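Chemist: Sequence plus the predicted model coming up.
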Amino acid sequence: MDTKEDEEHVGHHLEEMLKNELNHVTVTSGPLGHAGRDLQQIILEQCYSFVCVNVMTSAFEETQKLLNMLKESHLSVLYPVVVISVHFLDYKSVHFDHKMENLMQIRELAKEVKERNILLCGLLIYYPQDEQKLQDSLRQGATIIATLIKERNSAFIGQLLVA
């Protein structure tokens, strides 16, 4: 998965699956710089569940942008906000050790935002080239995400789950 179209395709599929599971969740699968105004509107609507799909890289740049916007909005003062940072692993394109090292940053980031009543978890989904396997992985990921959002359990803060 190495194109913007792939990123949007996978993000859209995951969003559709989540809509079947949850009533009010926001999925971001593109750069937040373009969606900043949309995100401001979502915050005004008081959405408390976000899924940030990071397809192209293992870095948390987009997730960090989202977290910064949420911190500035003070949305989490009254009710915990759940943010799931979803990352796709393609064994062929990135060395596993390097990607996992980057993904382990989620713990530090989660500790930092927990003080603001933002619950951050990570989800790792293996991205196979086969469309059927991708659908199965996305379905499992959607189930995990739905459970994390419904439960809002602080025990999962900073954890990297695998679908």
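Modeler: Received it, and whenever you're ready, just let me know what you need.
Chemist: what about Y79, which SS state?
Modeler: Applying DSSP: H, G, I helix; E, B strand; the rest coil to Y79 yields a three-state assignment of coil.
Chemist: Let me see the backbone angles for it.
Modeler: phi -150, psi 140 (degrees, to the nearest 10).
Chemist: Surely it and Y48 touch.
Modeler: Yes: because the distance of 5.6 Å satisfies C-beta atoms under 8 Å, Y79 is recorded as touching Y48. Yep, even glycine has a C-beta here, placed from its N, CA and C like the rest.
Chemist: Strands of this structure, start to end?
Modeler: Along the chain, the stretches classed as strands by DSSP state E are 26-28, 49-54, 81-89, 118-126, 160-162.
Chemist: Tabulate the ones you listed (TSV), appending mean neighbour count.
Modeler: Formatted as TSV, those follow (neighbours: other C-beta atoms under 10 Å):
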stretch	mean neighbour count
strand 26-28	21
strand 49-54	24
strand 81-89	25
strand 118-126	23
strand 160-162	16
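Chemist: As TSV, those with mean pLDDT would be great.
Modeler: Shown next, in TSV, are those (pLDDT from 0 to 100):
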stretch	mean pLDDT
strand 26-28	68
strand 49-54	85
strand 81-89	88
strand 118-126	91
strand 160-162	89
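Chemist: Can you lay out the ones you listed as CSV showing distance to A146?
Modeler: Written out in CSV, the entries for the strands of the chain read as follows (distance: least, C-beta to C-beta, whole Å):
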stretch, distance to A146
strand 26-28, 12
strand 49-54, 10
strand 81-89, 10
strand 118-126, 11
strand 160-162, 12
